[in-house]
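Student: Okay, sequence plus prediction incoming.
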Number of protein chains: 2
Amino acid sequence: MLGAIEAGGTKFVCAVGKEDGTIIERIKIDTLTPEQTMPEVIDFFKRHKVKALGIGSFGPVDIDQNSPTYGNITSTPKPGWTNYPFLKTMKEALHIPIEFNTDVNVAALGEMMQGAAQGFDSCLYITVGTGIGAGAVVQGNLLQGLSHPEMGHVLVKRHPDDTFEGFCPYHKDCLEGMAAGPAIEKRWGQKGHELQNKQEVWEIEAYYLAQALMQYILTISPKKIIMGGGVMKQAQIFPLIRKQVQELLNGYVPLPQITEHIEDYIVPPALGDDAGITGALMLAKRALEKE
Amino acid sequence: MLGAIEAGGTKFVCAVGKEDGTIIERIKIDTLTPEQTMPEVIDFFKRHKVKALGIGSFGPVDIDQNSPTYGNITSTPKPGWTNYPFLKTMKEALHIPIEFNTDVNVAALGEMMQGAAQGFDSCLYITVGTGIGAGAVVQGNLLQGLSHPEMGHVLVKRHPDDTFEGFCPYHKDCLEGMAAGPAIEKRWGQKGHELQNKQEVWEIEAYYLAQALMQYILTISPKKIIMGGGVMKQAQIFPLIRKQVQELLNGYVPLPQITEHIEDYIVPPALGDDAGITGALMLAKRALEKE
Ligand SMILES: Nc1ncnc2c1ncn2[C@@H]1O[C@H](COP(=O)(O)OP(=O)(O)O)[C@@H](O)[C@H]1O
Ligand SMILES: Nc1ncnc2c1ncn2[C@@H]1O[C@H](COP(=O)(O)OP(=O)(O)O)[C@@H](O)[C@H]1O
Ligand SMILES: [Zn+2]
Ligand SMILES: [Zn+2]
């Protein structure tokens, strides 16, 4: 039996399952302080006698294996979790192989191994929700360098009709500041799901998201782009994004995946809301194989 | 003896050298048509009896090993070179292990193995010249996905004082359109090297380049950024770029490499103009090790 954690800012999803991605049992635990949350998490995996564990965590996290603080959640404002040694705590409690990464890198892994990007060795997963985050698998590896990607904060050009100033505390009008769920709500005075029939809302939303995808395509050239999160439940936005990506690239990357079959290139998660937890299970599988 | 080719649009640099990066002999051959240029290239390597060859080529190229056109130069406007089977031609002539990649990916490899990024497993190399191109090594691999990176064409925001429309035939005011050497010349009516003492030229240039670096940092988080090419000979631009990168990120990536020691993070090539040819030699080494 393999264990998986999708650690989010409001809840932890813990699951046990099989190497083929089947989830056998799962529980949700509220993200309170580590003292309140972690004993329950540890207990669940002890009870199921898991052989290995994969963790996809909210961030920022330290994923540098050579760092003394490897596996810590780092500078989060969330009470109790700043510099919390997440991986170390789990290792000391369970004594099994554990792999640790960001929630979005892990979701990309899930979609690559069990979802929309099966058969490929790379994909990008972006979630558009309360914030915007993206992760990727590149040549088989969960993307990492000096740190993990922070692709939600790339620069975008302002839409000429948009006077909203942006809400990112660091950059104001970066991608997240202009296109995450709260930006839609602040710009239009209503939440995204109440604006379904307002065409201009989704044109502007697609304008920003397409720019970000263009940057990702030109930089890491993913083999598939998977877009999830609450805002992407507005399925009518996919064709708008695809069209704007083509217009922005303007034939510059003359690959049929982009110029002809873009509806198979920019897609919703095949695993729906299970991309993260399935990816964590796949990460547990990798942890076991590495031993 | 190992062989190396840096294939550019105006000249081919061919060299032979050792596994430690030492170049023993090199020649330059004009890039005319393949019929005129290639026999000379092949002859050089036959004469030196090289055991393996690394090629860094101008693009776009097909670097997908599973593609029937792997190793071809693809949609270049250069007469005679469109869909030219570069790798295949060399393999049939030499019968040795050969690795093939883009000029800028290969330059990144050179800087990582013998230059400014030694000791790291990742770096980004960007050249700012007649065009702008960038390549990267990520987790030890030359970056590639659906295709190779085309980072020179990322989107940038216009400088508020800049009325130049941009010269990229695909995107007008992308990074290359606004910041490559010809953009400087068209904007100011003089070539870059004649504008050395005009502060506003380099402020605007740094404004665009810093935005691009921000996108790359947020996306692939390279462990070192190396900036080469003709325009970067204006050494006074480095401090401007570093400062603007810090201002754009605004503490969002709180790593000491960026917030404290950015003068060691964004640097000129340690190999000078030899990043590409040295990288090609290192690629030959990899080709040999793979056999
Ligand atoms: N059906 C929907 N249509 C448009 N926006 C939605 C929808 N569902 C959720 N959202 C928006 O997405 C954000 C929540 O994102 P979600 O991915 O559900 O959670 P989180 O990012 O917090 O994990 C909110 O800003 C919400 O308004
Ligand atoms: N010292 C310099 N200062 C500023 N710009 C320069 C300098 N040297 C070359 N350039 C500009 O760089 C461009 C040529 O780039 P270079 O890297 O030398 O060649 P290429 O990109 O064609 O391989 C030209 O636009 C030229 O004006
Ligand atoms: Zn931001
Ligand atoms: Zn362009």
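Tutor: That came through fine. Ligands and ions are numbered 1, 2, ... in the order given.
Student: Show me which residues of chain A sit near ligand 3.
Tutor: Proximity of chain A to ligand 3, by CB under 5 Å from the ion, involves residues A:153, A:168, A:170-171, A:174, A:176. Every residue, glycine included, has its C-beta placed from N, CA and C.
Student: Tell me which entries of those residues lie within helices.
Tutor: A:E176 (DSSP state H).
Student: Quickly name whichever of the residues of chain A next to ligand 3 is closest to ligand 1.
Tutor: Among the residues of chain A next to ligand 3, A:E176 lies closest to ligand 1 (CB to the nearest ligand atom), at 10.7 Å.
Student: What degree of burial does that closest one show, as a neighbour count?
Tutor: Around A:E176 sit 28 other residues, with neighbours defined as other CB atoms under 10 Å in any protein chain shown.
Student: Can you tell me how far it is from ligand 4?
Tutor: Separation of A:E176 from ligand 4 (CB to the ion, to the nearest Å): 25 Å.
Student: near ligand 1, anything from stretch A:123-143?
Tutor: Yes. Between stretch A:123-143 and ligand 1, judged by CB under 6 Å from any ligand atom, the touching residues are A:129-130.
Student: Pull up the residues of the stretch 1-150 of chain A that are close to chain B.
Tutor: A:74-75, A:122, A:138-139, A:141, A:143-150 (CB under 8 Å from any CB of the partner chain).
Student: For A:L271, which non-adjacent residue is closest in space?
Tutor: A:G115 (4.2 Å; CB to CB, 6 or more residues apart in numbering or on different chains).
Student: hang on, the earlier thing: pick out the most distant pair among the residues of chain A next to ligand 3.
Tutor: A:Y170 and A:E176 (9.1 Å; CB to CB).
Student: what touches both of those two?
Tutor: A:H153 (CB atoms under 8 Å, 6 or more residues apart in numbering or on different chains).
Student: which phi and psi does the residue nearest to A:L271 have?
Tutor: Here is the backbone geometry of A:G115 (degrees, to the nearest 10): phi -130, psi -130.
Student: Wait, it touches A:A270, no?
Tutor: Yes. With contacts counted by CB atoms under 8 Å, A:G115 reaches A:A270, the gap being 3.8 Å.
Student: still on that earlier bit, from the residues of the stretch 1-150 of chain A next to chain B, list just the buried residues.
Tutor: With burial judged by 16 or more other CB atoms under 10 Å in any protein chain shown, the buried subset of the residues of the stretch 1-150 of chain A next to chain B is A:74, A:122, A:138-139, A:141, A:143-150.
Student: Output those in TSV; the columns should cover secondary structure.
Tutor: Shown next, in TSV, are these (DSSP: H, G, I helix; E, B strand; the rest coil):
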residue	secondary structure
A:T74	coil
A:S122	coil
A:V138	strand
A:Q139	coil
A:N141	strand
A:L143	coil
A:Q144	coil
A:G145	coil
A:L146	coil
A:S147	coil
A:H148	coil
A:P149	coil
A:E150	coil
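Student: mind listing the helices for the stretch 101-250 of chain A?
Tutor: Applying DSSP state H, counting those that start in this stretch to the stretch 101-250 of chain A gives helices spanning A:103-114, A:175-179, A:181-188, A:199-220, A:237-249.
Student: Deepest-packed of these, please.
Tutor: helix A:103-114 (a mean of 30; mean count of other CB atoms under 10 Å in any protein chain shown).
Student: picking that back up, quick one: closest of the helices of the stretch 101-250 of chain A to ligand 2.
Tutor: Of all those, helix A:199-220 comes closest under CB to the nearest ligand atom, at 18.5 Å.
Student: now the closest one against helix B:199-220, angle please.
Tutor: 90 degrees (axes from the mean of the first three to the mean of the last three CA atoms, to 10 degrees).
Student: Give me the contact status of helix A:199-220 with chain B.
Tutor: Yes. Using CB under 8 Å from any CB, helix A:199-220 reaches chain B at A:211, A:214-220.
Student: which among the residues you listed gets closest to A:E263?
Tutor: The nearest one, if we look at the residues of helix A:199-220 next to chain B relative to A:E263 and count by CB to CB, is A:I217, at 15.5 Å.
Student: so who does the most centrally placed residue in chain A touch?
Tutor: Among the residues of chain A, the one closest to the centroid is A:V104, at 2.4 Å (CA atoms, centre = their mean). Each residue near A:V104 by CB under 8 Å, 6+ apart is listed here: A:56, A:125-127, A:133-135, A:149.
Student: In the stretch 51-200 of chain A, where is pLDDT below threshold?
Tutor: Of all residues in the stretch 51-200 of chain A, none has pLDDT under 70.
Student: Would you map the strands across it?
Tutor: Using DSSP state E, counting those that start in this stretch, the strands of the stretch 51-200 of chain A run over A:52-57, A:98-102, A:123-128, A:132-138, A:141-142.
Student: TSV for those strands, including distance to B:H193?
Tutor: Compiled in TSV, the strands of the stretch 51-200 of chain A are given as follows (distance: least, CB to CB, whole Å):
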stretch	distance to B:H193
strand A:52-57	50
strand A:98-102	44
strand A:123-128	40
strand A:132-138	38
strand A:141-142	41
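Student: Tell me which of the ones you listed approaches ligand 4 most closely.
Tutor: strand A:123-128 (20.8 Å; CB to the ion).
Student: quick one, the closest one and helix A:103-114 angle?
Tutor: Using the same axes, to 10 degrees: strand A:123-128 against helix A:103-114 is 130 degrees.
Student: Counting by contacts, list what strand A:123-128 packs against.
Tutor: Contacts defined by 3 or more CB pairs under 8 Å, 6 or more residues apart in numbering or on different chains; DSSP states H and E place strand A:123-128 against helix A:103-114, strand A:132-138, helix A:199-220, strand A:225-228.
Student: Between the ones you listed, which one is closest to ligand 4.
Tutor: Using CB to the ion, these put helix A:199-220 closest to ligand 4, at 8.9 Å.
Student: Hmm, A:L271 is touching A:Q114, no?
Tutor: Yes. Contact between A:L271 and A:Q114 holds when scored by CB under 8 Å: they sit 6.3 Å apart.
Student: tell me, what's touching those two both at once?
Tutor: A:T278.
Student: can you tell if stretch A:259-275 touches ligand 1?
Tutor: No. Using CB under 6 Å from any ligand atom, stretch A:259-275 never reaches ligand 1; the gap is at least 8.6 Å.
Student: Run through who's touching that stretch.
Tutor: Contacts of stretch A:259-275 (CB under 8 Å, 6+ apart): A:23, A:107, A:110-111, A:114-116, A:125, A:213, A:224-228, A:232, A:235, A:238-239, A:241-242, A:245-246, A:251, A:257-258, A:278.
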